[in-house]
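Enquirer: show me how the following folds:
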Amino acid sequence: MTVLTTARLRLEPMADAHFEGLRVMNADPEVMRYILGRPETPEETRHMIERVQARWARCGYAWWTFIERETGVVAGAGCLQNLRRQPAPEPDPTCPIEIGWRLRRDRWGRGLATEAAQAMAIYAFDVLKTDPLLACCEPANTASSHVMSKLGMHCRGLETWYGRELATYEVSAATWRATAQPKRTA
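Expert: This is a model prediction of the structure:
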């Protein structure tokens, strides 16, 4: 399992040791507003960690926990995973790879999502050799769509993912390398 490092974050494959920080973040209704539409229960967070660990073992990519290097605090989480058309618990390996993220509310507005997403995108293009890389969000989630734009992604419009109509963004490896890729910190 791969650990990624940025200037301010350490992206560690999700582990049991991250439970408390993830539980606190996922229990915040504002953090989960566009994801589940409600806070996640502790049991749901525990099951999510178990699913993600199995996915890492099976696929070699999944969800990372974002740990602030300076404080050791869980600041967020992000993923590379295959999208799925329906709201099933497991991604569909026949669907393209998506990049996604969430942050604790007290870490919003600091550029951490973009910083982590840049590291994950480098991994997606250089290691997984994915092309294109997709991202999706609720149309009202302007904070996430802003990060997608900062990654050089363009909006493809509304598409059905997870059984919902979501704003879907895309960036090719060539566009990423030409316009959005930062200096490597990983």
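
Enquirer: only C-alpha atoms from now on, for both contacts and neighbour counts.
Expert: OK.

Enquirer: show me which helix runs longest in the chain.
Expert: When the chain is parsed with DSSP state H, its longest helix is helix 42-59.

Enquirer: name the residues of that one that are buried.
Expert: Residues of helix 42-59 classed as buried by neighbour count (16 or more other CA atoms under 10 Å): 42, 45-46, 48-49, 51-53, 55-56.

Enquirer: and if you look at stretch 20-37?
Expert: So stretch 20-37, judged by 16+ other CA under 10 Å, has buried residues 21-27, 29, 31-32, 35.

Enquirer: from these, which one has the minimum pLDDT?
Expert: Lowest-confidence member of the buried residues of stretch 20-37: Ile35, scoring 91 (pLDDT).

Enquirer: list the residues that contact that residue.
Expert: Residues near Ile35 by CA atoms under 8 Å, 6 or more residues apart in numbering: none.

Enquirer: same check, this time on Arg23
Expert: Arg23 makes contact with 40-42, 45 under the criterion CA under 8 Å, 6+ apart.

Enquirer: could those be laid out in a markdown table, adding pLDDT and distance to Asp16?
Expert: Converted to a markdown table, these look like this (pLDDT from 0 to 100; distance: CA to CA, whole Å):
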| residue | pLDDT | distance to Asp16 |
| --- | --- | --- |
| Glu40 | 96 | 16 |
| Thr41 | 97 | 16 |
| Pro42 | 97 | 12 |
| Thr45 | 97 | 10 |
